[in-house]
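In: Quick one: sequence plus predicted model below, questions after.
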Amino acid sequence: MKIHHKKHKITESTKVITLISLCAFCIFVFFVVNPATFAQEERINVNTASLEEFMRLPGIGPALAARLVEYRRKHGRFKRPQEIIIVRGMSASLYRRIAHLIRI
C-alpha cells in the first residue's frame, strides 16, 4: 500500500502574511497580555492607595479595601506587597491575581 503525500506549495505572499500575523501576535502578547508591561507608576502603591484605588483591583470590594486602609493606618506601611495577605479577607490566591498590579 502506497501512501501519497500532497506537497503544499508555499508562496511568497503566504510567507509574508504569516510573518505579519506572527509579528502582530507577538506585539499583542507583549503589550496587552504581559503584566510586566505595567509601568511601576501605573501599579497601585499599597502604602498610599485610597479606598477607591484598592477597589479598582479585581476581587477587592469596599469592605476589603476599607480593611486594607485601616490595617495600614493602625500598623504602618507595608514593607513588601505580600504583607497585604495579613489583612482579613485577602487570600493568597487573591494576592496572586493582583500581585502584578500592586507595588510598594
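Out: Yep, it's here.

In: The chain: helices as residue ranges?
Out: With DSSP state H, the ranges of helices along the chain come out as 12-28, 51-55, 62-75, 92-98.

In: got the buried residues for the shortest one?
Out: It stands for helix 51-55. Burial within helix 51-55, assessed by neighbour count using 16 or more other C-beta atoms under 10 Å, is assigned to 53-55. Using the backbone N, CA and C atoms, a C-beta is placed for each residue, glycine as well.

In: go on, the last one?
Out: Residues of helix 92-98 classed as buried by neighbour count (16+ other C-beta under 10 Å): 94-95, 98.

In: Show me the contact partners of that helix.
Out: Contact with helix 92-98 is made by 57-60, 82, 84-85, as judged by C-beta atoms under 8 Å, 6 or more residues apart in numbering.

In: swap in the third one?
Out: Residues from elsewhere that reach helix 62-75 (C-beta under 8 Å, 6+ apart): 46-47, 49-52, 54-55, 60, 78, 84, 86-90.

In: Which member of those residues is positioned nearest Glu12?
Out: Minimum separation from Glu12 among the contacts of helix 62-75 (C-beta to C-beta) is found for Ile60, which lies at 52.0 Å.

In: what residues are up against that closest one?
Out: 54, 68, 94, 98.

In: list the buried ones in stretch 74-93?
Out: When neighbours are counted by 16+ other C-beta under 10 Å, the buried residues of stretch 74-93 are found to be 78, 81, 83-84, 87, 90.

In: is it possible to export those to CSV including distance to Thr11?
Out: Formatted as CSV, those follow (distance: C-beta to C-beta, whole Å):
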residue, distance to Thr11
Phe78, 58
Pro81, 51
Glu83, 58
Ile84, 55
Val87, 60
Met90, 56
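
In: from the residues you listed, which is closest to Lys9?
Out: When the buried residues of stretch 74-93 are compared for distance to Lys9, the smallest value, 54.3 Å, is given by Pro81; criterion: C-beta to C-beta.
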